[in-house]
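Asks: can't give you the sequence, but here's the structure:
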């Protein structure tokens, strides 16, 4: 037994395995992208649902899903299946997730306010919960494919490289083939007839990438399960899972700081991204082509930053890279609207304005690449700290806090954005409408102020996180000693 453990520790993941792992995050990242950018715009501006109702439906669905995530993670910790405890659940969720995503953006005509609200709410709940049976086990995969901090960092980088690349291609496909301008709708994103093509593209990409990620990571995870898992798994218990969650938040300052920092940083990004199409369409008056390029600039910068992080993560503590990433995102979000409100930005239609907006989104993308590459490492290391301090492994449950924090943040951000959209009273279902200048001022102020507040609170929490490499190395040595001792008792 001791020899098998040593073999697992010394095993080096192949480059293909690292790339396939990156595809496991596409399900969550693509859902995240469409919820952040397109969902409220589609229901509020295209279909005419009240912004507050759109935000409320999304918030309820995401909150329901978020609180289930740790239970799914704990269930996958104790689950045993033909294709592995993580992968059996992942495979089963792929097709239903794609179907529900397609239906989410294919609302029937004539539903009215109540019907639209119920359609949005029910499909949001189905997409989020079914998708979590893929995303939550997938989040635990990285911590179990390898024990090595450097390889975990590389997995986080590959995850961000692959997801940024896929999202970049998807955004290009959406604005090239789905959001086609017409004589009636010069801005294709305002045309309801374009959304079935949009839904088909998104659902197809999600299912294909989910299958690639699951199939490509199954072998190393099965090797882990053969060598590390007890033949008698801990029985799944809802109350036990909830108690373990509470202990992690109350007893581990690093885990608490990381989760709360993620939550507020997520609110910052979620809220601003939900207003992105509104800002691009009305506040900055960008064309459909300019809007697509503007959004793709984030993905390009995220892709490049994730690759560059590979050369920095071994030299700089992940905490400082993470704080730098959040700071870059905050600056990229708030500076353009703040400068416009101060009268320091070029007028709409000026080519210089477009270049400055692209530069701001490049800054956001660079920050996103940093934090996404480092978040996986930091959460995996806090899961190791939990196992060391508490004497039990809850990897699936604790890694579920990564999507949980994103979802809680998304629900808060979407609700706030929906309220703002209704408050500023932008035009609904009208082509070429003139927007009241006062409404645009309110939109810019709301985008700047709440984004800045959430970002500053996040930086405060991240500053209290302290789990340096030397401490993590000590934890891993202690865990290995405990494993060898436990295996010796089983064999005696």
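Replies: In hand now; what should we look at? It should be emphasised that the depicted structure is a prediction, and the values quoted were computed from it without experimental measurement.

Asks: neighbours of residue 19, just the number please.
Replies: Neighbourhood size, residue 19 [other CB atoms under 10 Å]: 16. Heads up, the C-betas are built off the backbone N, CA and C, glycines and all.

Asks: residue contacts, it?
Replies: Shown in contact with residue 19 (CB atoms under 8 Å, 6 or more residues apart in numbering): 158, 162, 216.

Asks: Then residue 141?
Replies: Counting by CB under 8 Å, 6+ apart, residue 141 has contacts 21, 24, 86, 217, 221.

Asks: And residue 180, by the same measure?
Replies: Counting by CB under 8 Å, 6+ apart, the residues that residue 180 touches are 188, 191, 194.

Asks: do residue 57 as well
Replies: 43, 117, 120, 121, 124.

Asks: again, only using 6 Å
Replies: By CB atoms under 6 Å, 6 or more residues apart in numbering, the contact set of residue 57 is 117, 120, 121.

Asks: do the same with residue 409
Replies: 263, 266, 267, 270.

Asks: go with 8 Å
Replies: The neighbours of residue 409, taking CB under 8 Å, 6+ apart as the test, are 262, 263, 264, 265, 266, 267, 269, 270.

Asks: To what extent is the nearest residue to it once chain neighbours are set aside buried, counted in neighbours?
Replies: Once flanking residues are discounted, residue 409 sits nearest to residue 266: 2.6 Å by CB to CB, 6 or more residues apart in numbering. Residues lying near residue 266 (other CB under 10 Å) number 22.

Asks: Report pLDDT for residue 266.
Replies: On pLDDT, residue 266 comes in at 86.

Asks: Assign a three-state SS to it, would you?
Replies: helix (DSSP: H, G, I helix; E, B strand; the rest coil).

Asks: Please report how far it lies from residue 335.
Replies: As defined by CB to CB, to the nearest Å, residue 266 lies at a distance of 20 Å from residue 335.

Asks: shaky segments in the stretch 301-450 of the chain?
Replies: 310, 314, 373, 399-400, 402-404, 425-435 (pLDDT under 70).

Asks: ok, residue 410 to residue 262 distance?
Replies: Counting by CB to CB, the gap from residue 410 to residue 262 is 12 Å.

Asks: Residue 187 is in contact with residue 287, correct?
Replies: Yes. Using CB atoms under 8 Å, residue 287 is in contact with residue 187, at 7.2 Å.

Asks: In terms of neighbours, single out the busier of those two.
Replies: Shown here are residue 287 and residue 187; by other CB under 10 Å, residue 187 has more neighbours (20 against 17).

Asks: Identify the residue nearest the more buried one in space, chain neighbours excluded?
Replies: Distance criterion CB to CB, 6+ apart; nearest residue to residue 187, sequence neighbours excluded, is residue 288 at 4.9 Å.

Asks: so what's that neighbour up against?
Replies: Listed by CB under 8 Å, 6+ apart, the contact set of residue 288 reads 175, 179, 181, 186, 187, 188, 189.

Asks: Now the two most distant members of those.
Replies: The span of the contacts of residue 288, defined through CB to CB, is set by 175 and 186 at 13.7 Å.

Asks: ok, back up a step: tell me how far the residue nearest to residue 409 lies from residue 208.
Replies: Counting by CB to CB, the gap from residue 266 to residue 208 is 27 Å.

Asks: roughly how far out does stretch 256-264 sit from the chain middle?
Replies: When C-alpha coordinates are averaged (CA atoms, centre = their mean, to the nearest Å), stretch 256-264 and its chain have centres 14 Å apart.
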